[in-house]
Each structure stands twice: as C-alpha cells, then as structure tokens.
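Asker: got a predicted structure here, sequence first:
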Amino acid sequence: MYIQKGIIQKQIEKNFIFDNIDTVALAKEFGTPLYVISENIIRSKCSQIRNSFLNKYPDTKAAYASKAFLTLAMCKIIESEGLGLDVVSGGELFTAISANFPMGKVMFHGNNKSYEELKLAVTNSIGRIIVDNFYELEVLQGIAKEHNKRVKILFRISPGVPGKTHKFISTGQTDSKFGISIEENSINLAFKKVLASPNLKLMGFHFHIGSQLFDNRSYINAIEIVTNLMKDLKEKWQFTTEELNIGGGFGIGYSPNEKTKPISYYVDPIMKNIENKCNQLGLKRPTIIIEPGRWIVGEAGITLYTIGSIKEIPNVRTYISVDGGLPDNPRPALYGAKYSAVVANRPYAEKVHTATIAGKSCESGDILIWDLKMPHVKSGDILAVLNTGAYNYSMASNYNRLPKPGVVLISNGKPYVIVEREKYEDLISKDKIPNHLL
Ligand SMILES: Cc1ncc(COP(=O)(O)O)c(C=O)c1O
Ligand SMILES: N[C@@H](CCCC[NH3+])C(=O)O
C-alpha cells in the first residue's frame, strides 16, 4: 500500500488517511506505537484467493498461516471468509479454539510439537496434523490410540528446493530442520511407520519452500519432484495421494519499487503444472491446498509511531528516533527487511533530506529504516511505517521491558481495539520474588 498524490486528494491534503481513517487522529486517540489493521484489505485479499484460486480450480483449499498475525478477531474474519487456519503451536491452536474456529479446518504444523500440543490438537478433533518427523509420528500414534481416534495427517517433506529469499526464511532446501527428507530411505521408513500406525491416516504431503518468494519457479520445481515421488509411492506402496499442500510464501511489496504480485501469478502455473504432471504420470490430481500468511495480512497493517529525538551528525547521518522499534518490528534487524514510511501529519511535504529511522531499544542494530527520503520533521510528528501487518505484532517482544503496542482494527471506517496496549503492570504480572529476597 502506497499513497499516490492525486487519489482522494481532498481528504489527504492534511493527514495520512489509511482505509478512510485519519491516522493522526488514531495516534491521538489510542497512543503510539500502535498497530493498525484494515479489515477491508484482509477481506479483499481473501476474496482474491476465492476468485482466482478456490472458485477457479475445483478441489482446492486455502488456509491462512496464522503465524503472520493472529488474534481472536482475526480468527473471526478468516472464518467468515471461509478459509481454513494453519497453526504452529499450542498457543496459536488455543487462540483458534477460544475463537470457536471450526476445528476441522485447522492444520497443525511445527518441527517439534510437544505431547501436550498434539494432545490438544487430537482432543479438539483438528482437521489435519502435518507430521514433520519420525518422533512426532510415534508420539501422535500413541495419543490417537489413547483417545481412540483416527487422525488424518500429511507428511511434511523437504523437497530439496531452496527458496529465493533471505536464508532465515528459506525452508525447502535439503539442509533444513523442517520435514522428512525426500531421499528414498527416509521416505520408506516414514511409510513403514505410518502403515504400522493404525490410528493415523496418511492423506498426502506438504511442502513449504520459504517465505517472501517473488519467483514462481521454485514451486514448479518442487511440484516436479513431489509428483514423481507420488508416482513412486503409488507403485511401491499402492498409495494414492489425496491431498497436496504446497505451503505459503507468496511475497508482498515492502517498498514502492517492489510490487505485490497477484495470487494468479503463483497459482496459475502451479495448477497447470500439477495437472500436466498428474496426467503425464497417470495420477489422480490430489486436492491442492495453499496456506499464505503474509500475502493476506502484510499490506493490511501499518504501525504509527511518535517521533522523539532527532540527532544530526553533520556530514554523517541524521537519526530520527521513534517510540518503538525492534521490539514491535524485529524484521529489519533479523532479515535486513526494508520498509517505507510516511510522515502522517504531512504526507505530501517535500522530501528534502535523507534520514535514518531508529527505534528506542538499547541496540545499535535497532534501525527500522536506513536512509529514508524525508521532509523536515520535528519531535511530536507521527510516522506511519507501511505494510507491517505480517510478522510484526506476531513477532513482538518485551525487550527492554517495553510494553507491546495495542492493535486497532479498522472496520467500515471505525476503529476497534482488538488487542489492548500492554501496561507496565502487565510486564511484572508474572514476576515472583522468592521469600529470601523479600
Ligand atoms: C509451513 C508454513 N506454511 C505457511 C507459511 C506462511 O508463509 P507466508 O507468510 O510467507 O505466506 C509458513 C511461513 O513461512 C510456513 O512455515
Ligand atoms: N517470520 C518470517 C516469515 C515466517 C517464516 C516461517 N517459516 C518473516 O518475518 O518474514
């Protein structure tokens, strides 16, 4: 989401308007830092998934990868849009259960699910468990037996296809902690084990190549490999793959020169290749599942900050510090992620210099944006960092004992608090002082 001069010029002459709301008024009413999420943008993304994927191709499913951004309200939006939910922890699962999300539409991922997490999933009759490894297979069989259930599972496999993305968010390569290796011995062992697990029903496979992918080639390479595997397994074990989950990872534009691609850019060639390969190999085309996170929610969010100190080092750099930073958005520090921003109380002021937006935590690496073209700003101005909807709130920490910002959902032009801002009291609410220190 980028502001363009000319569009709704009248409204935006003064302040930056996000989803029909004056962001400066939001900052005043709810304080900063503040996550702002547009229900409208999330719903429009879900509708694009319906139109360009679910309604276009029969026998397909889509689940939202909730690790990108999850709250009770988000569960309700996703449920009403008809999508499923992908969770990766007991905490995400508990959120879905608490929101009464239809459990049959929940898929559980993770490379080291605990006994308790798996039990929570089994006793709540979760739709699918994506089994990542042999240890999990054994634990899950035990739990399913204990509860007298037959649990539907997919095997997560690592297809040996690296994602063209930051090293930390590439997952499809052979050297990965995720998934069962695709080499023959591992797959054979997995089949032997699952066939000896009467309480588990293998439905098919899952792979996830990586996140923030702009190239559809890696999906196609993985499909080539996985359909060949499906053929081998059909011959060797008479196994029919009913479901193939090709993960998420569809990229979004974070800066004006990086455009978000439509969902069709990914799913059209993916579907074409799967259909062709299945025809070629004499296989039934399985149900195809996608699970995007960032693509649904990334552009739906902005973060509002108040500018505080401004430090000019002549001939070196100007640091403009804001009242949040690494604890509410660790992505620039973790992945070198690049964001863009706008001065919300003067969005069209002429950009006259270059400055660096620094966070307030006690780390030199806490820089939200390096070398941003800026108008002159003063302390008290409001800065809106754009496209922060994915992996910001969900990755936030209390580093330096900074309370986490609240989340405001914009719905039909009105703001609703969906997560309250933390207070100092929240920070010490779990602390205990042993008697000898009192
Ligand atoms: C298994 C799995 N599915 C889906 C996703 C969602 O990724 P993204 O938000 O890039 O769509 C991830 C995260 O990378 C993942 O690990
Ligand atoms: N947390 C990552 C993406 C998710 C990776 C999960 N496999 C990011 O902020 O880009």
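Answerer: Thanks, I have it. Numbers count the residues shown, from 1 in each chain. Ligands and ions are numbered 1, 2, ... in the order given.
Asker: distance from the helix or strand hosting residue 145 to the middle of the chain?
Answerer: Residue 145 belongs to helix 134-146 when assigned by DSSP states H and E. Counting by C-alpha atoms, centre = their mean, to the nearest Å, helix 134-146 is centred 28 Å from the centre of its parent chain.
Asker: contacts for the next helix or strand after that helix, please.
Answerer: Following helix 134-146 in sequence order, the next helix or strand is strand 151-158 (DSSP H and E). Applying C-beta atoms under 8 Å, 6 or more residues apart in numbering, the contact partners of strand 151-158 are 107, 109, 122, 126-132, 140, 144, 171-174, 176, 178-182, 187, 190, 194, 199-208, 226, 229, 243, 245. The way it works is simple: take the backbone N, C-alpha and C, and place the C-beta from them, glycine included.
Asker: residues from the stretch 51-200 of the chain in reach of ligand 1?
Answerer: Residues of the stretch 51-200 of the chain lying close to ligand 1 (C-beta under 6 Å from any ligand atom) are 65, 68, 86, 109.
Asker: next, the contact list for residue 401, please.
Answerer: Residue 401 sits next to residue 427 when contact means C-beta under 8 Å, 6+ apart.
Asker: what's the end-to-end length of stretch 243-253?
Answerer: Stretch 243-253 has an end-to-end distance of 30 Å (C-alpha to C-alpha, to the nearest Å).
Asker: cool, and stretch 190-208?
Answerer: 19 Å.
Asker: what comes up buried for that stretch?
Answerer: 190-191, 194, 197, 199-200, 202-208 (16 or more other C-beta atoms under 10 Å).
Asker: so can I have JSON lines of those residues showing distance to residue 294?
Answerer: JSON lines is the format used below for the buried residues of stretch 190-208 (distance: C-beta to C-beta, whole Å):
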{"residue": "190", "distance to residue 294": "30"}
{"residue": "191", "distance to residue 294": "33"}
{"residue": "194", "distance to residue 294": "32"}
{"residue": "197", "distance to residue 294": "34"}
{"residue": "199", "distance to residue 294": "35"}
{"residue": "200", "distance to residue 294": "31"}
{"residue": "202", "distance to residue 294": "29"}
{"residue": "203", "distance to residue 294": "26"}
{"residue": "204", "distance to residue 294": "24"}
{"residue": "205", "distance to residue 294": "23"}
{"residue": "206", "distance to residue 294": "18"}
{"residue": "207", "distance to residue 294": "17"}
{"residue": "208", "distance to residue 294": "12"}
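Asker: how many other residues sit next to the nearest residue to residue 172 once chain neighbours are set aside?
Answerer: Closest residue to residue 172 apart from its sequence neighbours, by C-beta to C-beta, 6 or more residues apart in numbering: residue 209 at 3.5 Å. When counting by other C-beta atoms under 10 Å, one arrives at 26 neighbours for residue 209.
Asker: so who does residue 209 touch?
Answerer: For residue 209, the contact set (C-beta under 8 Å, 6+ apart) comprises 159, 161-163, 170-172, 218-219, 222, 247, 249.
Asker: and it, how far from ligand 1?
Answerer: As judged by C-beta to the nearest ligand atom, to the nearest Å, residue 209 and ligand 1 stand 9 Å apart.
Asker: how near is that residue to residue 124?
Answerer: 29 Å (C-beta to C-beta, to the nearest Å).
Asker: again with residue 237
Answerer: Going from residue 237 to residue 124 by C-beta to C-beta gives 30 Å.
Asker: ok, back up a step: between the residues of the stretch 51-200 of the chain next to ligand 1, which sits nearest ligand 1?
Answerer: residue 65 (3.4 Å; C-beta to the nearest ligand atom).
Asker: quick check: phi and psi on that closest one?
Answerer: Dihedral pair for residue 65: phi -80, psi 100, per degrees, to the nearest 10.
Asker: residues contacting the residue lying closest to it once chain neighbours are set aside?
Answerer: Distances taken as C-beta to C-beta, 6+ apart put residue 293 closest to residue 65, at 3.1 Å, once the chain neighbours are dropped. Shown in contact with residue 293 (C-beta under 8 Å, 6+ apart): 64-69, 86, 211, 248, 390-391.
Asker: give me the neighbour count for residue 127.
Answerer: Around residue 127 there are 18 other residues, counting by other C-beta under 10 Å.
Asker: OK, contacts around it?
Answerer: The contact partners of residue 127, taken as C-beta under 8 Å, 6+ apart, are 84, 103-107, 152.
Asker: export these as CSV, with columns for neighbour count.
Answerer: Rendered in CSV, the data for the contacts of residue 127 read as follows (neighbours: other C-beta atoms under 10 Å):
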residue, neighbour count
84, 20
103, 15
104, 11
105, 20
106, 25
107, 24
152, 18
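Asker: list the contacts for the residue of the stretch 201-350 of the chain at minimum distance from ligand 2?
Answerer: The nearest approach of the stretch 201-350 of the chain to ligand 2 comes at residue 211, 4.0 Å away (C-beta to the nearest ligand atom). Counting by C-beta under 8 Å, 6+ apart, residue 211 touches 163, 165, 169, 171, 248-249, 293-294.
Asker: try 6 Å this time
Answerer: For residue 211, the contact set (C-beta atoms under 6 Å, 6 or more residues apart in numbering) comprises 169, 249.
Asker: any idea how far it is from ligand 1?
Answerer: 3 Å.
Asker: same deal with residue 258?
Answerer: For residue 258, the distance to ligand 1 (C-beta to the nearest ligand atom) stands at 15 Å.
Asker: how about that residue, phi and psi?
Answerer: Backbone torsions of residue 258, given as degrees, to the nearest 10, read phi -130, psi 100.
Asker: ditto for the one 3 residues further on
Answerer: Phi and psi for residue 261, reported as degrees, to the nearest 10, are phi -90, psi 150.
Asker: this protein: helices as residue ranges?
Answerer: 9-12, 23-30, 39-49, 72-80, 90-98, 115-123, 134-146, 184-195, 217-237, 263-281, 294-297, 331-335, 424-428 (DSSP state H).
Asker: so where is the chain shaky, pLDDT-wise?
Answerer: 1-13 (pLDDT under 70).
Asker: list the buried residues for the longest strand seen in it?
Answerer: Using DSSP state E to define each element, the chain has its longest strand at strand 301-313. Along strand 301-313, these residues count as buried under the neighbour rule (16+ other C-beta under 10 Å): 301-307, 310.
Asker: sorry, back to before: ok, and which of the contacts of strand 151-158 reach ligand 2?
Answerer: residue 171.
Asker: about what we covered before: kindly indicate which of the contacts of residue 127 lies nearest ligand 1.
Answerer: residue 107 (8.8 Å).
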